[in-house]
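Novice: below is the sequence, then the predicted model.
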Amino acid sequence: MRLAGMVAVVTGGAGGMGRATAMLFAREGASVVVGDVDADGGAALVAEAVANELKVSFLRTDVSRERDVAALVAKAEADHGKLDTIFNNAGIEQPVTASDAITEDLFTRVIDINLKGTFFGCKHAIPALLRNGGGTIVNNSSVSAFANVGGNLSYAASKGGIMSMTRVIAIEYAARNIRCNAINPGVIDTGMNQRNLDKAEDPDALEQKWRSITPLGRMGTGDEIGEAVLYLASKQSSFVTGIGLVIDGGRIAT
């Protein structure tokens, strides 16, 4: 088991990519502490984990609030004595909006959850990782940090910021045995993208567009993302730091 004896924190772990990753981490031997604003989803996750004899616990966490994120990391240390890895996954979408029509409230909300939430996760994980002699950080960025079709300025700005933050931390803490990497998913079949489809004027056309810009011709799955996060969180990637691992079915290559 690739994470045997390790302790992991996953934000945004009640659904989508975070849920798939949390369950994979637990199946690979980790004790996983999940944070999310979705308390019902968190309870369902824990119930499934318990039924499968996996070690998963939950704390309701709003990543835009620093004290919530601090409490999540503290729970991992209090319950399990250490922290080995954190997956800063929590994030929200931006409705397709012309850049000159984005309100301050919308921009602030996306930045607060996506970028500031990732910052809080890194800030509070780093001391815990140092107390443990090192560890790994994986941040959830996006192909939107590199390639865009427009209409998502606040989302793209948040994800570009996450990539820059990832590189800074990787360089700053490399000598202290902390590796920091990011994943850059393309179009993934998650609740977030389902909401985008539900809001679209023509959902079928939007889904076809997603498929057409992805050379593999389909959306990715949460399990496929989880495998990539597992690689970056584990000793398999022991000489990898400061990268953005693109998981997009070939979109960036076009």
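Specialist: Yes, it's here.

Novice: select the longest strand from this protein.
Specialist: strand 178-185 (DSSP state E).

Novice: and it, which strands flank it?
Specialist: Using DSSP bridges, strand 178-185 pairs in its sheet with strand 135-140 (parallel), strand 244-247 (parallel).

Novice: so how far is the last one from its chain's centroid?
Specialist: Its chain's average C-alpha position is 12 Å from that of strand 244-247, according to C-alpha atoms, centre = their mean, to the nearest Å.

Novice: ok, back up a step: the strands paired with strand 178-185: which one's closest to N88?
Specialist: strand 135-140 (4.7 Å; C-beta to C-beta). In this view, the C-beta of every residue, glycine as well, is placed from N, C-alpha and C.

Novice: list the buried residues for the helix or strand just after the closest one?
Specialist: The first helix or strand that comes after strand 135-140 along the chain, using DSSP states H and E, is helix 153-173. Residues of helix 153-173 classed as buried by neighbour count (16 or more other C-beta atoms under 10 Å): 153-163, 165-167, 169-170, 173.

Novice: same question, stretch 108-120
Specialist: For stretch 108-120, by 16+ other C-beta under 10 Å, it's 110-120.

Novice: and L59, how many neighbours?
Specialist: When counting by other C-beta atoms under 10 Å, one arrives at 18 neighbours for L59.

Novice: which SS class is it?
Specialist: Three-state call for L59 (DSSP: H, G, I helix; E, B strand; the rest coil): strand.

Novice: show me what contacts it?
Specialist: 33-35, 42, 71-72, 75 (C-beta atoms under 8 Å, 6 or more residues apart in numbering).

Novice: now the element after the one helix or strand in the chain whose mean pLDDT sits lowest, going C-ward?
Specialist: When each helix and strand of the chain is scored by mean pLDDT, DSSP states H and E, helix 191-199 comes last, with a mean of 69. Sequence-wise, the next helix or strand downstream of helix 191-199 (DSSP H and E) is helix 203-212.

Novice: run the chain-centre distance for that following helix.
Specialist: Here helix 203-212 shows a centroid-to-chain-centroid distance of 24 Å under the convention C-alpha atoms, centre = their mean.

Novice: where does the residue positioned nearest the centre of the chain fall, phi/psi-wise?
Specialist: Centroid-nearest residue in the chain: N89, 1.8 Å away (criterion: C-alpha atoms, centre = their mean). N89 has phi and psi values of phi -110, psi -30 when expressed as degrees, to the nearest 10.
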